[in-house]
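*Asks:* Just need the structure, nothing else, for what follows:
(one chain, ligands or ions: 1)
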Amino acid sequence: MTAVFNASRLAGKTVLITGASGGIGAATALLFARAGTNLILTARRQAQLDEVARAAADEHKAGATGQGGKFVTLTLDMQDKAAVQGLLSRIPDDLRNVDVLVNNAGLVYGREQVGDIDDAELEIMFNTNVLGLIHLTQVFVREFKQRNSGHIINLGSIAGKEPYAGGAIYTATKHAVHAFNGSLLRELVGYNIRVSQICPGMVETDFSVTRFRGDRDAAAKTYEGLQPLTAHDIAEEIVWAAARPEHVNVADVLVFPTAQASATINHRGPLGQQ
Ligand SMILES: NC(=O)c1ccc[n+]([C@@H]2O[C@H](COP(=O)([O-])OP(=O)(O)OC[C@H]3O[C@@H](n4cnc5c(N)ncnc54)[C@H](OP(=O)(O)O)[C@@H]3O)[C@@H](O)[C@H]2O)c1
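*Replies:* Residues are numbered from 1 along each chain as shown. Next up is the predicted model:
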């Protein structure tokens, strides 16, 4: 019987992941490495990227596919338009034919409502989650069209499908990703290029630590009384989408913890005891 997951389709491919220094991006790097890919890992924190690359090398060895295993880390701030547009020229020649672009870098600040939102934080969210993602995608769409191959995987969110009070900017950025993903999917329908959006619900990473500006206790309360998703859970979705046969495009995936049903509806406490 053919394996259902069949990650072997990924062996020897080259994957570029933004925001690979932690959370979902780092977990995704490890799974791709195990499947025998080459990796280009980008984020602002170089030391963390190097750590992820070391862990990826161990995963690659354990995967024993005999393919891939070239790992490059490149410091990149998604807010820096020139750096994003120039990224391709910093990629070593042997890894320049990227097969999969994972647009994962993103962040949220605060729960403030409109009128009280900090201007600087608002701009960081839009520049990172939306403009940086769009600038980088433009670069790779040109590449992918020339080669008539490639896969763009965008990290959306339930926040891109459902707005909530206290999330005006973050939900606006993720709605923008949703719309961008949808237009791109339609524009590329005549090419052998896949466009996927993976939309997580609550995932316990440093995402909430950033939201609460470093307050780990406040971040931990987000997940109190329920079992959130892990970064690895979402990495599995991303790698699964990338490992489908070329004629299969996973267009949109919404993934919740079992105890979550919408952006604001969740169950805290044991499941099955209403
Ligand atoms: N966690 C959740 O509940 C959840 C739910 C839905 C969607 N998501 C989405 O999933 C993606 C990953 O989030 P996560 O949960 O893994 O959060 P995380 O653990 O905080 O990781 C965020 C990553 O994005 C990078 N990043 C942030 N700003 C950046 C910038 N300006 N330039 C380059 N890289 C930047 C960070 O690296 P540096 O700090 O080193 O730059 C880090 O690697 C985001 O797009 C997020 O919106 C998360």
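
*Asks:* quick check, the host helix or strand of Val141 touching the ligand?
*Replies:* Element membership of Val141 [criterion: DSSP states H and E] is helix 133-147. No. Between helix 133-147 and the ligand, judged by C-beta under 6 Å from any ligand atom, nothing touches; the nearest distance is 8.5 Å. For glycine as for every other residue, the C-beta is placed from the backbone atoms N, C-alpha and C.

*Asks:* show me the contacts for Ala218.
*Replies:* Contacts for Ala218 (C-beta atoms under 8 Å, 6 or more residues apart in numbering) come out as Ser208, Phe212.

*Asks:* Quick check: it is in a strand.
*Replies:* No. According to DSSP: H, G, I helix; E, B strand; the rest coil, Ala218 belongs to no strand; its state is helix.

*Asks:* Check the gap between it and the ligand for me.
*Replies:* 15 Å (C-beta to the nearest ligand atom, to the nearest Å).

*Asks:* same deal with Ser196?
*Replies:* Counting by C-beta to the nearest ligand atom - Ser196 and the ligand are separated by 14 Å.

*Asks:* Find the nearest non-adjacent residue to Val253, please.
*Replies:* Closest residue to Val253 apart from its sequence neighbours, by C-beta to C-beta, 6 or more residues apart in numbering: Ile198 at 5.0 Å.

*Asks:* hang on, the earlier thing: tell me if the following helix or strand past the helix holding Val141 is near the ligand.
*Replies:* Going down the chain from helix 133-147, the next helix or strand is strand 150-155, by DSSP H and E. Yes. Counting by C-beta under 6 Å from any ligand atom, the ligand is contacted by strand 150-155 at Leu155.

*Asks:* List of residues touching strand 150-155?
*Replies:* 24, 98-104, 106, 133, 137, 140-141, 143-144, 177, 180-181, 184, 193-198, 200, 238, 241-242.

*Asks:* Show me how to select, in PyMOL, the buried members of these.
*Replies:* Restricted to buried positions by 16 or more other C-beta atoms under 10 Å, the PyMOL selection for these reads:
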select buried, resi 24+98+99+100+101+102+103+104+106+133+137+140+141+143+144+177+180+181+184+193+194+195+196+197+198+200+238+241+242
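
*Asks:* Next step: the contacts of strand 150-155 restricted to strands.
*Replies:* Val100, Leu101, Val102, Asn103, Ile193, Arg194, Val195, Ser196, Gln197, Ile198, Pro200 (DSSP state E).

*Asks:* hey, what's the residue nearest to Val253 bridged with?
*Replies:* Judged by DSSP bridges, the bridge partners of Ile198 are Leu155, Val253.

*Asks:* ok so, going back, quick one: the helix holding Val141 to strand 193-200, angle?
*Replies:* Angle between the axes of helix 133-147 and strand 193-200 is 150 degrees (criterion: axes from the mean of the first three to the mean of the last three C-alpha atoms, to 10 degrees).

*Asks:* For helix 133-147, which helices and strands make contact with it?
*Replies:* Judged by 3 or more C-beta pairs under 8 Å, 6 or more residues apart in numbering; DSSP states H and E, helix 133-147 is in contact with strand 14-18, helix 81-85, helix 87-90, strand 100-103, strand 150-155, helix 168-187, strand 193-200.

*Asks:* The last one: how far from the chain's middle?
*Replies:* The offset between the C-alpha centroid of strand 193-200 and the centroid of the whole chain comes to 9 Å, using C-alpha atoms, centre = their mean, to the nearest Å.

*Asks:* so where is the chain shaky, pLDDT-wise?
*Replies:* Residues of the chain meeting the criterion pLDDT under 70: 1-5, 274.
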